[in-house]
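Undergrad: Sequence plus the predicted model coming up.
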Amino acid sequence: MEIITISIAAFVTAILTFFSGFGLGTILTPVFIVFFPVDLAIALTGVVHFFNNLFKVGLVGKSASKDVLIKFGIPAIIASFLGAWALLKLPEDTILYAYTLQGKLFEVSYIKFVISLLLICFALMDLIPFFERLQFGKEKLPLGGFLSGFFGGLSGHQGALRSAFLIKAGLSKESFVGTAVIIACFIDFTRLAVYATRFTSAGLTDNLPLVISATISAIVGAYIGHRLLKKVTLIFIQRLVAIMLLLISLALGMGII
């Protein structure tokens, strides 16, 4: 059941990334969280995200800006390491708060609470018009790389911040997409290297069939999206997915999932 559900989610989401502005990790992480512990869910999503981005590098990577890759990418790599390290240091079993509802006990750990807050913030960035207009000058590229990298390492969510900073870098559409994909690969590779210290104990190696299935589904979805839907913009889908992400985040923060 997990393989089917997550593979379908990866396939559909990979298509959406080409015309809605969403990253694969933004949607896929909550789906993994439904079936797995939070830290394992982020690691599993990271593997799928990385290989999907590698495939997209082959499609659009040649248009990337070397100058922006240096100014934005180097701070992103450093911060991604710090974010991933922080994730592994968050208490896994320590309960932050608990409550009883209709005779059932709900418990929320520190890590679930932190990730819930991050997911809510990134969902709101797609729902509040102010954040759609939020852009930064080229002199802020190193700061943008650091913030995007840190949150990418901590929760896997980097796309919203990355786009906000890169959109004002004076890049063409092709260069913007290519640069963003390569930077995403940098961040993914760095955080996965850190996560690897806990892959075995967390259970990632026990779920290789699921990871392979989800990765293939995402690659197929990315190919279809690139060929058929890359010029389409559907604000409705962006809003719908953001609302769903917000609901899942709230459920995570309440200890329901």
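TA: Everything's here; your move.
Undergrad: My understanding was that Ala222 contacts Ala14; is that so?
TA: Yes - between Ala222 and Ala14 there is a contact at 4.5 Å, judged by CB atoms under 8 Å. Heads up, the C-betas are built off the backbone N, CA and C, glycines and all.
Undergrad: Which SSE is immediately downstream of the helix or strand bottoming out on mean pLDDT in the chain?
TA: The weakest-scoring helix or strand in the chain, judged by mean pLDDT, DSSP states H and E, is helix 199-202 (a mean of 58). Following helix 199-202 in sequence order, the next helix or strand is helix 208-224 (DSSP states H and E).
Undergrad: Let me know the average pLDDT across that following helix.
TA: For helix 208-224, the mean pLDDT works out to 85.
Undergrad: what does that helix contact?
TA: The contact list for helix 208-224 (CB atoms under 8 Å, 6 or more residues apart in numbering) reads 2-3, 6-15, 17-18, 24, 28, 44, 47-49, 51-52, 55-56, 59, 204.
Undergrad: Which ones among those residues lie within helices?
TA: Per DSSP state H, helices hold the following members of those: 2-3, 6-15, 24, 28, 44, 47-49, 51-52, 55-56, 59.
Undergrad: Select only the buried ones of the residues you listed in PyMOL?
TA: Command for PyMOL, covering only those of these found buried under the criterion 16 or more other CB atoms under 10 Å:
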select buried, resi 2+3+6+7+9+10+11+12+13+14+15+24+28+44+47+48+49+51+52+55+56+59
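Undergrad: helix/strand/coil for Tyr99?
TA: Secondary structure, DSSP: H, G, I helix; E, B strand; the rest coil: Tyr99 is strand.
Undergrad: tell me which element the closest residue to it other than its chain neighbours falls in.
TA: For Tyr99, ignoring the flanking residues on the chain, the nearest one in space by CB to CB, 6 or more residues apart in numbering is Phe106 at 5.7 Å. Using DSSP H and E, Phe106 falls within strand 104-109.
Undergrad: Just the buried residues of that strand, please?
TA: Across strand 104-109, burial judged by 16+ other CB under 10 Å covers 108-109.
Undergrad: what's that strand in contact with?
TA: Outside strand 104-109, the residues touching it (CB under 8 Å, 6+ apart) are 38, 91-100, 116, 253-256.
Undergrad: Same check on stretch 165-181?
TA: Stretch 165-181 is contacted by residues 53, 56-57, 60-65, 68-69, 72, 135-138, 140-141, 143-145, 147-148, 159, 162-163 when judged by CB under 8 Å, 6+ apart.
Undergrad: Among those residues, which are located in helices?
TA: Residues of the contacts of stretch 165-181 located in helices (DSSP H): 53, 56-57, 60, 68-69, 72, 141, 143-145, 147-148, 159, 162-163.
Undergrad: Give me the buried entries from the residues you listed.
TA: 53, 56-57, 60, 68-69, 72, 141, 144-145, 147-148, 159, 162-163.
Undergrad: So Ala193 versus Gly46, what's the distance?
TA: In this view, Ala193 and Gly46 are 10 Å apart by CB to CB, to the nearest Å.
Undergrad: What of Pro142?
TA: When Pro142 is compared with Gly46 (using CB to CB), they lie 24 Å apart.
Undergrad: just for the stretch 51-200 of the chain, where's the confidence low?
TA: Scanning the stretch 51-200 of the chain for pLDDT under 70 picks out the ranges 91-93, 111, 122, 125-126, 131-137, 160, 164, 197-200.
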